[in-house]
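*Asks:* fold the following, please.
(chains A and B)
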Amino acid sequence: MSSTVKDFLFFGAVISILGYELGLFLKSKFHIALFNPLLISIIAVMVFLSALGIDYESYHESAKYLSYLLTPATICLAVPLYEQMELLKKHKKAIIVGTLTGVLTSMVSVLMLALLFKLDHQQYVTFLPKSITTAIGMGISEEMDGIVAITVACIIVTGIFGNVAAETILKVFKIHDPVAKGLAIGSAAHALGTTKAMEMGEIEGAMSSLAIAASGLCTVIFTSIFANFI
Amino acid sequence: MKYIKQFSIILLISLIGEILHLLIPLPVPASIYGLVLMLLGLKTGLITLSSVKEASVFLVEIMPLMFIPAAVGLLDSWGVLRPILIPFAAVSLLSTTVVMAATGKITQFFIHSDKKGKADKDEQHS
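*Replies:* Okay, the predicted model is just below:
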């Protein structure tokens, strides 16, 4: 089955999109946070591939064309950000303090969990860049001699969890302000979370986009300090 | 024609981002250089909103789909994850929750105190 699938250029994209459509359908039927289109599509594709005995590599051979547009799409996040420029200027102080809080909380919480689970240096630095966008996180992990495959897995799980749980977490902690919501999602769950913030509204989406770049760049600086702690 | 021009601009910025990534020895990806360049371009008026708007809206809207292939790749990571599954889950879930809550709370607090500060000032003036 795997070898046949490899010949189809559109196989990967089609089953990924069908999985997403299934997720959208379930979401419209049942209003439960767990029926998140992204989560459903990932599980659906995994189940489908396992059921038909298709390996990941054969799927990825044609699915990778979907990811090709990730860089241009991330660049386009600048457009909603530009449209909310006035708001950004108005709340400059809150946004700077919020972004630094996000980066530091991420580092400190990973440090504490690493101490709790008695992780060694390599495992610790592997987890440090987990809240930021994959490309920066991978780069940091590689530079610090972390295990890049685990960093990537952690970044993706973090992003999916952030996407699925964002509405619940924000509600529980009574975070209602759209600027605060967007910044919180982007700081905790990078681009994957940002797709959720975009659904919530223009301001949330713009602030989440800002947080991807701002917290990503701050993390580059702070990991070099925090890496020395274990 | 409109879409050709819009996509050309976006892809050109992507390429410039890649070149910067190659030249500058920092773990900053092409997409972040590109995001900053696009923002600067829009701010300085070098790029007008109407010359990128529709294509940008389209790309941002379909962005969730672009994460599916990498996420399905978690299937292959099971081997390396199994020995550290508990710390892995704790870091992924707990830390993400804490970061989201802390960032949101602090930002909201400062926005409210901003507004309050301004309201007080206005009152003094009147």
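*Asks:* domain ranges for chain B?
*Replies:* Domain assignment for chain B by automatic domain parsing gives B:1-66, B:69-126.
*Asks:* please report the distance of the residue of chain B found nearest chain A from A:Thr99.
*Replies:* Nearest residue of chain B to chain A, counting by Cβ to the nearest Cβ: B:Pro27, 2.8 Å away. Just so you know, the C-beta spots here come from the backbone N, C-alpha and C atoms, and that holds for glycine as well. Noted for B:Pro27: a distance of 18 Å to A:Thr99, by Cβ to Cβ, to the nearest Å.
*Asks:* what are the contacting residues of the helix or strand of chain A with the lowest mean pLDDT?
*Replies:* Ranked by mean pLDDT, DSSP states H and E, the weakest helix or strand in chain A is helix A:2-6, scoring a mean of 75. Residues from elsewhere that reach helix A:2-6 (Cβ atoms under 8 Å, 6 or more residues apart in numbering or on different chains): A:11, A:53-55, A:57-59, A:61-62.
*Asks:* rank the domains of chain B by pLDDT, which is bottom?
*Replies:* Mean pLDDT per stretch puts domain B:69-126 lowest among the domains of chain B, at a mean of 83.
*Asks:* give me the contact status of it with chain A.
*Replies:* Yes - judged by Cβ under 8 Å from any Cβ of the partner chain, domain B:69-126 comes into contact with chain A through B:69-77, B:80-81, B:84, B:86-88, B:90-112, B:114.
*Asks:* from those, which land in helices?
*Replies:* Mapping the residues of domain B:69-126 next to chain A onto helices (DSSP state H) picks out B:69-72, B:74-77, B:80-81, B:86-88, B:90, B:96-112, B:114.
*Asks:* narrow these to those that are buried.
*Replies:* Burial by neighbour count, judged by 16 or more other Cβ atoms under 10 Å in any protein chain shown, picks out B:69-72, B:74, B:77, B:81, B:87-88, B:90, B:96-111 from these.
*Asks:* identify the residue nearest whichever residue of chain A sits closest to chain B in space, chain neighbours excluded?
*Replies:* In chain A, the residue that lies nearest chain B is A:Gly139 (2.8 Å; Cβ to the nearest Cβ). Here the nearest residue to A:Gly139 in space, its sequence neighbours aside, is B:Pro27; by Cβ to Cβ, 6 or more residues apart in numbering or on different chains that works out to 2.8 Å.
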